[in-house]
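1. could you look at this predicted model? Sequence included:
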Amino acid sequence: MALDKQVDWSDVGPLFRDGISVMFGGFMGVGTPDGLVSVLREQGTKNLTLIGNDTAAPETGIGPLISDGHVKKVIVSHIGTNPVTGKKMIAGELDVDLVPQGTLAERIRCGGAGLGGVLTPTGVGTVVEEGKAKMVVDGKTFLVELPLRADVAILKAKRADRAGNLVYERAARNFNPIMALAADLVIAEVDEIVDIGEIDPDHVMTPAALVDKIVLARRQ
Amino acid sequence: MALDKQVDWSDVGPLFRDGISVMFGGFMGVGTPDGLVSVLREQGTKNLTLIGNDTAAPETGIGPLISDGHVKKVIVSHIGTNPVTGKKMIAGELDVDLVPQGTLAERIRCGGAGLGGVLTPTGVGTVVEEGKAKMVVDGKTFLVELPLRADVAILKAKRADRAGNLVYERAARNFNPIMALAADLVIAEVDEIVDIGEIDPDHVMTPAALVDKIVLARRQ
Amino acid sequence: MQAKEVIARRVAQEFQDGYVVNLGIGLPTLVPRYLPAGMFITLQSENGFLGLAPLEGEPLPGVVNAGGQPCGLMPGAAMFDSAMSFALIRGGHVDVTVLGGLQVDEEGNLANWMVPGKMVPGMGGAMDLVTGARKVIVAMEHCTKEGEPRILDRCTLPLTAKGRVAMVITELAVFRITHGEFVLIEHAPGATVEDVRAKTKARFAVSDELKTMNLG
Amino acid sequence: MQAKEVIARRVAQEFQDGYVVNLGIGLPTLVPRYLPAGMFITLQSENGFLGLAPLEGEPLPGVVNAGGQPCGLMPGAAMFDSAMSFALIRGGHVDVTVLGGLQVDEEGNLANWMVPGKMVPGMGGAMDLVTGARKVIVAMEHCTKEGEPRILDRCTLPLTAKGRVAMVITELAVFRITHGEFVLIEHAPGATVEDVRAKTKARFAVSDELKTMNLG
């Protein structure tokens, strides 16, 4: 029988250490696992490197981790909706690496798919190309963008079976499925846990083989 | 209201011309649109370049197109199950370009995703690396593999809505979704056509925006 | 008629039935209300779906636009992940994107994502959109609030993408950029070519078929 | 006990509970029947799913293995496209792959996909599997039908991948390849190191902990 990957909330804390890199699903906080973010916050995890689409707002998504000083670096496509991120960046308290959103997605996918990088036209002729190798294919110039991986990925899904197959809801899917490929430890916070066999194999969006731990979201 | 993309079988033939490149979904014929293959065969389309996983068997999948001499070139990962392919290759009647299966998938995806190529470790130190650029990332060597596109993609799906959203069945999915991204004209043969709104947006595997024509499979 | 409405009405004329469209925040989101009756377009949302619609009724879980705001879904919508979303954007599957601009220059360069030392929000999906969409339309007011031209010989702000702008539509003028040539094709009712020149710091040719913008 | 059974039994000892495994055609598919009771593994099928199971009852539409033959699905199976299938394979998400071999050499190179002028089936997914799986086990009979060694100082056939083989398991011997060293760790009951040397054309060290294969 498949392994049951459900863990209790008390089991989650010890999975995080100071200084780790964390990929987080979500877009403006939608699809971000709020409970797992709270664990990082409550146990005072320090010096995190966060990788995800954006820093949401001060009290949304991973925003609180930035507000409370748990983070040393973010690799994101957008910080404009969270003024705290900008302030800490200017104050030299937070390192911000801005990556075009499509490039961020491809770099994470490369990290998870055993690829050494990808050639993208995005960023050619802009500040994004600084320090990067370029390659001309069929007369067109591309940037060589390199893989991203993380120590831990924290995901949010609507439903999991006990084996860890995941189903996301609407636009809360976003970066979650590719991050499931690209981290050494993958933890999913889910709204519902069902028995193995209850999710149609055609509807699985992240296969159980990629997921290490599942935890049931606390009711709001 | 969304455009209705259903066409009759009599409308399909004129979409194909001699000398075009055709991506075909399917793995050993499973997920290959047999009706569309029949159209290519019955109207005697010549000098096709076929791009897909394998050449199936002489009477399966795209096999008949090879047996009947409609094809000048195949770009595939495997020909071992179709002795006709091998015979025609040795006789100099068919050009065969063998590509590792994962590399084939990535090259098609690149072609459809606006990427100039991808760095893969697959094939390094083998005949596959001949003539290709290499790149070293973090001390590891990768091949630069370039995009593939086609004039037409012929797909097989289980279900479509009238707008062209597609759902595939089990392992018949395989190459179909990435090919939907990588051809100028995308035609899907489907077992069932339902009204718009009947497919849950979370269950769509190929969005309608990628599909140009849908045709209802003839009952076997 | 307000400048924003003029611009949105004119942009709407560039859409065709069946188009897949990505609209930037702000002014571009006004465009759909000026489409002719019966024209069907599909809106792409870079957070991962096709079939964006206005919110009707209560917000639904996970149904938000790229600004994180609750929205609706068209019948026939399709959801996907961020890798697929940008495969669509970069791969030329979006027929047209309409974005605001801080500056555009005569080479078709666009700057709209940062003002050094002042505003560094990040490029989000803008660089991919401007690089990958089949047609890039910049929809913006002709001058800054201070009256400075936004259409320049050369952008002074960091670029979003190089040479990708196909049209610039303002309340005063419509320019087309093809083969490296910046061409005035329309001006606002009551305006003259000289009015446009006075507020434009880019060289431009005047089309042989110069028209007055039709805002009917 | 037939050679194939010996090999399959010994390969089974390399599996651990929870492993994701991809099995090549032929001999490797025999391995699961020799797993200890209660051990759970997930079989990956490169045509696009996890949770391959033997066929039970009537074939179901679209449920086929990588050879195109009807098969079953485990409860908890998950289907995906070819890009995802090889993201899993190349990205190190397959714990172990077991493949047959034509030749293996002392540098851990494997040749198993073509014989020039004779057999050119194509590499299919083999190159990606051997390149990307965390552990590559070659399971093959020790010599060819003609009695020629298959374990060589250097492969003469075109390679499938370079330096990726971690173990070679035959009916006669078990070798481990680590840090570029080919080491004999087990031999068949009744066989000697000399028997192995006589049939092996590669230099190999003999482990200090050399054992007899346990086929119980």
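-> It's in.
2. helix, strand or coil for residue A:142?
-> When the structure is reduced to helix, strand and coil (DSSP: H, G, I helix; E, B strand; the rest coil), residue A:142 reads as strand.
3. what is the burial count for the nearest residue to residue C:84 once chain neighbours are set aside?
-> The shortest distance from residue C:84 to any non-neighbouring residue, by Cβ to Cβ, 6 or more residues apart in numbering or on different chains, is to residue C:48 (7.4 Å). Quick note: C-beta positions are derived from backbone N, CA and C, even for glycine. The burial count assigned to residue C:48 is 31, neighbours taken as other Cβ atoms under 10 Å in any protein chain shown.
4. does residue C:48 touch residue A:27 like I think?
-> Yes - with contacts counted by Cβ atoms under 8 Å, residue C:48 reaches residue A:27, the gap being 7.4 Å.
5. so residue C:156, which state does it fall into?
-> In terms of secondary structure, residue C:156 is coil; the call rests on three-state DSSP.
6. and it, what pLDDT?
-> At residue C:156, the predicted lDDT confidence score is 97.
7. how about it: what's its closest non-neighbour residue?
-> Excluding its sequence neighbours, the residue lying closest to residue C:156 (Cβ to Cβ, 6+ apart) is residue C:103, at 6.8 Å.
8. beta partners of the one you found?
-> With DSSP bridges as the criterion, the beta-bridge partners of residue C:103 are residue C:111.
9. so what strands line up beside the host helix or strand of residue C:183?
-> Taking DSSP states H and E as the definition, one finds residue C:183 inside strand C:181-187. In the sheet containing strand C:181-187, the strands it pairs with under DSSP bridges are strand C:173-178 (antiparallel), strand C:205-212 (parallel).
10. tell me who's in contact with residue A:100.
-> The neighbourhood of residue A:100, defined by Cβ atoms under 8 Å, 6 or more residues apart in numbering or on different chains, consists of A:77, A:122, A:123, A:128, C:123, C:124, C:125, C:126, C:127, C:128.
11. just the buried ones out of these, please.
-> Neighbour-count burial (16 or more other Cβ atoms under 10 Å in any protein chain shown) applied to the contacts of residue A:100 gives A:77, A:122, A:123, A:128, C:123, C:124, C:125, C:126, C:127, C:128.
12. just the residues contacting the strand holding residue C:183, thanks.
-> By Cβ under 8 Å, 6+ apart, the residues outside strand C:181-187 that reach it are C:10, C:106, C:108, C:172-177, C:193, C:195-196, C:202-207, C:209-213.
13. can you select the buried ones from those in PyMOL?
-> Selection of the buried residues among these in PyMOL, burial being defined by 16+ other Cβ under 10 Å:
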select buried, chain C and resi 10+106+108+172+173+174+175+176+177+196+202+204+213
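14. ok, and the closest non-adjacent residue to the residue nearest the centre of chain C?
-> By Cα atoms, centre = their mean, chain C has its centre lying nearest to residue C:98, at 2.0 Å. The shortest distance from residue C:98 to any residue that is not its chain neighbour, by Cβ to Cβ, 6+ apart, is 4.0 Å, and that residue is residue C:28.
15. off-centre distance for stretch C:24-39?
-> What separates the centre of stretch C:24-39 from the centre of its chain is 11 Å, taken as Cα atoms, centre = their mean, to the nearest Å.
16. likewise stretch C:126-133?
-> Relative to the mean C-alpha coordinate of its chain, stretch C:126-133 is positioned 11 Å out (Cα atoms, centre = their mean).
17. with just CA atoms, put stretch A:181-189 into PDB.
-> Only the C-alpha atoms of stretch A:181-189 are listed here, as PDB (Å, rounded to 0.1, in the frame of the first residue of the first chain):
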ATOM      1  CA  LEU A 181       9.500  19.300  -9.100                       C
ATOM      2  CA  ALA A 182      12.300  21.600  -7.900                       C
ATOM      3  CA  ALA A 183      12.800  21.200  -4.200                       C
ATOM      4  CA  ASP A 184      14.500  18.500  -2.000                       C
ATOM      5  CA  LEU A 185      11.500  18.500   0.300                       C
ATOM      6  CA  VAL A 186       8.000  19.200  -0.800                       C
ATOM      7  CA  ILE A 187       5.300  20.000   1.700                       C
ATOM      8  CA  ALA A 188       1.700  20.600   0.700                       C
ATOM      9  CA  GLU A 189      -1.000  22.200   2.800                       C
END
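18. so what's residue C:165 up against?
-> Residue C:165 makes contact with C:104, C:108, C:109, C:110, C:130, C:136, C:137, C:138, C:177 under the criterion Cβ under 8 Å, 6+ apart.
19. can you give me the neighbour number for the residue lying closest to residue C:133 once chain neighbours are set aside?
-> In space, residue C:133 comes closest to residue C:97 once its chain neighbours are excluded; the distance is 3.9 Å by Cβ to Cβ, 6+ apart. Residue neighbour count, defined by other Cβ under 10 Å, stands at 28 for residue C:97.
20. cool, residue C:117 as well?
-> Applying other Cβ under 10 Å, we find 7 residues neighbouring residue C:117.
21. can you give me the helices for the chain?
-> You didn't say which chain, so I picked chain A. In chain A, the segments counted as helices under DSSP state H are A:9-12, A:34-42, A:63-67, A:83-90, A:101-113, A:176-179.
22. not quite, I wanted chain C
-> Counting by DSSP H, the segments of chain C that form helices are C:3-12, C:82-90, C:126-132, C:193-198.
23. okay, those helices, which one's buried deepest?
-> Across the helices of chain C, averaging neighbours per residue (mean count of other Cβ atoms under 10 Å in any protein chain shown) puts helix C:126-132 on top, at a mean of 29.
24. contact partners of that helix?
-> With contacts defined as Cβ under 8 Å, 6+ apart, helix C:126-132 is touched by A:100-103, A:121-124, A:126, A:128, B:114, C:22, C:24, C:46, C:86, C:89-92, C:94, C:97, C:99, C:110, C:112-113, C:136, C:160-161, C:164-165.
25. in chain A, which ranges drop under the pLDDT threshold?
-> For chain A, residues meeting the criterion pLDDT under 70 lie at A:1-2, A:220.
26. got it, and chain C?
-> Residues of chain C meeting the criterion pLDDT under 70: none.
27. hmm, try it at 90
-> In the predicted model, chain C carries pLDDT under 90 at residues C:1, C:25, C:117-120, C:178-180, C:216.
28. quick revisit: do you know which of the helices of chain A lies nearest chain C?
-> Checking those against chain C by Cβ to the nearest Cβ gives helix A:101-113 as the closest, at 3.1 Å.
29. which residue packs closest to the residue in chain C positioned nearest to chain D, ignoring adjacent ones?
-> Among residues of chain C, the one nearest chain D by Cβ to the nearest Cβ turns out to be residue C:83. It sits 9.4 Å away. Ranked by Cβ to Cβ, 6+ apart and with sequence neighbours excluded, the top spatial neighbour of residue C:83 is residue A:105, at 4.5 Å.
30. can you pull the contacts of the residue nearest to residue A:207 when sequence neighbours are not counted?
-> In space, residue A:207 comes closest to residue D:78 once its chain neighbours are excluded; the distance is 3.7 Å by Cβ to Cβ, 6+ apart. When contacts are counted by Cβ under 8 Å, 6+ apart, residue D:78 is found next to A:165, A:201, A:204, A:207, A:208, A:209, D:49, D:50, D:51.
31. rerun that using 6 Å as the cut-off
-> For residue D:78, the set of contacting residues under the criterion of Cβ atoms under 6 Å, 6 or more residues apart in numbering or on different chains consists of A:165, A:201, A:204, A:207, D:50.
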